[in-house]
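K.L.:
Model the following, please.
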Amino acid sequence: MIAFFSEPRSHEEYDTALLRGSRAVFHGGKIDASQKSLIAAMHKRRRTIAGFALLGLAIAAAIYVYVLTFDYTKPHGPKDLAIGIACFIFCPPTLLFTMCIDCEVSGWGGVFWFSIVGVLNAAIYVAIGSVVDSLQRKAKPEKLS
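P.N.:
Residues are numbered from 1 along each chain as shown. The predicted structure is shown next:
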């Protein structure tokens, strides 16, 4: 990484230099328009990936609330089957929970298991967000001059 500072800078300018990677060279603290657009694109990329991660966590949390409030004493219908299949499609780490048949969902054990499921699901959604972001960047290349 190359970052030259002629005088002490604010944390924002230092972070900008770190985010820019090897192309950040400052003389007198001036950032030109192309650098600003590239930094904005990097922030958009991180927001996209972070948004997908939060979506993965939210899906896992919604499934936890559904499982927590599900009444197992009633007979299962086609709606319950559809919701169960959707849970496995949108949150594949819930398959890990099938190994723990005797675990109580409402106790600390359930919170522990679903926190693991949530982190794994967020990691899957981060990978999906990275793929989506790379496809968006291929469709619309940035100008680096």
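K.L.:
The helix or strand containing Val131 packs against which elements?
P.N.:
In the assignment (DSSP states H and E), Val131 maps to helix 108-139. When contacts are defined as 3 or more Cβ pairs under 8 Å, 6 or more residues apart in numbering; DSSP states H and E, helix 108-139 sits against helix 33-69. For the C-beta atoms, the positions are set from N, CA and C on the backbone; glycine is no exception.
K.L.:
in the helix or strand encompassing Leu81, what counts as buried?
P.N.:
According to DSSP H and E, Leu81 maps onto helix 78-90. Within helix 78-90, the residues scored as buried using 16 or more other Cβ atoms under 10 Å are Gly84, Cys87, Phe90.
K.L.:
Which parts of this structure belong to which domain?
P.N.:
1-31, 33-139 (automatic domain parsing).
K.L.:
just those: most buried one?
P.N.:
domain 33-139 (a mean of 14; mean count of other Cβ atoms under 10 Å).
K.L.:
hang on, the earlier thing: hmm, who's touching the helix holding Leu81?
P.N.:
Outside helix 78-90, the residues that touch it by Cβ atoms under 8 Å, 6 or more residues apart in numbering are Ile59, Ile63, Tyr66, Phe70, Thr94, Leu95.
K.L.:
please redo it, this time with the cut-off set to 10 Å
P.N.:
Here helix 78-90 makes contact (Cβ atoms under 10 Å, 6 or more residues apart in numbering) with 55-56, 59-60, 62-63, 66-67, 70-71, 74, 76-77, 94-95, 97-98, 121, 124-125.
K.L.:
Backbone dihedrals for the residue nearest to Val67 when sequence neighbours are not counted, both of them.
P.N.:
Leaving out its chain neighbours, the residue that sits closest to Val67 by Cβ to Cβ, 6 or more residues apart in numbering is Val105, at 5.3 Å. For Val105, the backbone dihedrals (degrees, to the nearest 10) come out as phi -70, psi -30.
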